[in-house]
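Visitor: my questions are about this predicted structure, shown below with the sequence.
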Amino acid sequence: MQAAPVRATAIPSFTDALRAVESLLMSGGQRTARRNAWTSVLEDRRRAKDRFEAERVLEEATSARL
């Protein structure tokens, strides 16, 4: 007798659940606008991190020369 194959179903992540709710509540344009805004926030954070790192490197280079 052969055992039946076991099927695993992935539990959706919290992000997936939020996106599903978002798609039900918002029109496509609003979803796109929200995603674009979030992408901008992430890009601003990345730029700020890069700027901070550049300042740190410049300060270290300046103090090494003194």
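Guide: Arrived safely, thanks for sending.
Visitor: identify the residues contacting the residue positioned nearest the centre of the chain.
Guide: Nearest residue to the geometric centre of the chain (C-alpha atoms, centre = their mean): L42, 6.8 Å. By C-beta atoms under 8 Å, 6 or more residues apart in numbering, L42 lies in contact with nothing. For every residue, glycine as well, the C-beta is placed using N, CA and C.
Visitor: what's the model's confidence in the host helix or strand of it, averaged?
Guide: Assigned by DSSP states H and E, L42 belongs to helix 28-65. Averaging pLDDT along helix 28-65 gives 92.
Visitor: re earlier: any idea how far A48 is from the residue nearest to the centre of the chain?
Guide: Separation of L42 from A48 (C-beta to C-beta, to the nearest Å): 11 Å.
Visitor: repeat for A64
Guide: The value you get for A64 to A48, if C-beta to C-beta is used, is 25 Å.
Visitor: go on, Q30?
Guide: Q30 is 27 Å from A48, by C-beta to C-beta.
Visitor: likewise P12?
Guide: P12 is 32 Å from A48, by C-beta to C-beta.
Visitor: and what of R34?
Guide: Distance of R34 to A48, given as C-beta to C-beta: 21 Å.
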